[in-house]
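Peer 1: coordinates only, sequence not included:
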């Protein structure tokens, strides 16, 4: 399988449930990202991992917990979510593992997980 | 990060050339300009990236004037399948911020 894959593609969960989203990239990239896309809103960057280390947490509530065991896998653990957390959650990866300016860091996105919180 | 401004929506007809202009007045010296395309319920897809002047690939062309304060994505001979949201981004390092994008609707 090539590119960036995400599972599950669709998820419905109650507010008291615990679930996890999985992302896997087969591109040999060093950086991975989680984005949230709510209806009629721009994509919001949530987390960035660079060589398995978290380099960005964009003021995301603690009910979202990321995990990056290696450069190819990224998880987003969910617990006690709210209905307003319903959205499309997108994972992306990019080649460069460097944060210095001028890096042409093209991101490759997965198909997303459509999450509905009841 | 440089903020980008682009039209909210555009309409076109099949076979026409579409030009979408993006403003990024505060672009930094080392920033690149990147365009993505997104279909409903899918992740954005990279279209083209440039630093200055003109870049062309099999999908689109990107025109960047000397002052780099704006850029224009040109889609030649659009088809119905080009109906999507197009995002203009200024990218430098990890912090990539997506704006609202331009919703292009191609009519038959």
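Peer 2: It's in. Just so it is clear, the structure is predicted and the values come from calculations on it, not from any experiment.
Peer 1: what residues does chain B put near chain A?
Peer 2: Neighbours of chain A within chain B, by Cβ under 8 Å from any Cβ of the partner chain: B:28, B:30-32, B:34, B:41-46, B:49, B:91-101. All C-beta atoms are positioned from the backbone trio N, CA, C, and that covers glycine.
Peer 1: From residue B:69, how far off is the residue in chain A that chain B sits nearest to?
Peer 2: Nearest residue of chain A to chain B: residue A:109, at 2.8 Å (Cβ to the nearest Cβ). If you measure residue A:109 against residue B:69 using Cβ to Cβ, to the nearest Å, the figure is 28 Å.
Peer 1: Kindly report the same for residue A:48.
Peer 2: Applying Cβ to Cβ to residue A:48 and residue B:69 gives a distance of 27 Å.
Peer 1: same deal with residue B:80?
Peer 2: 33 Å.
Peer 1: Could you do residue B:43 as well?
Peer 2: Taking Cβ to Cβ as the measure, residue B:43 falls 29 Å from residue B:69.
Peer 1: that older thread, give me the pLDDT for the residue nearest to the residue of chain A closest to chain B when sequence neighbours are not counted.
Peer 2: Excluding the flanking residues, the one nearest residue A:109 by Cβ to Cβ, 6 or more residues apart in numbering or on different chains is residue B:43, at 2.8 Å. The model reports residue B:43 with a pLDDT of 91.
Peer 1: So what pairs up with residue B:35 in the strands?
Peer 2: Partner residues in beta bridges with residue B:35, using DSSP bridges, are residue B:48, residue B:88.
Peer 1: Surely it and residue B:61 touch.
Peer 2: No. Checked against Cβ atoms under 8 Å, the pair residue B:35 and residue B:61 is beyond contact range at 10.4 Å.
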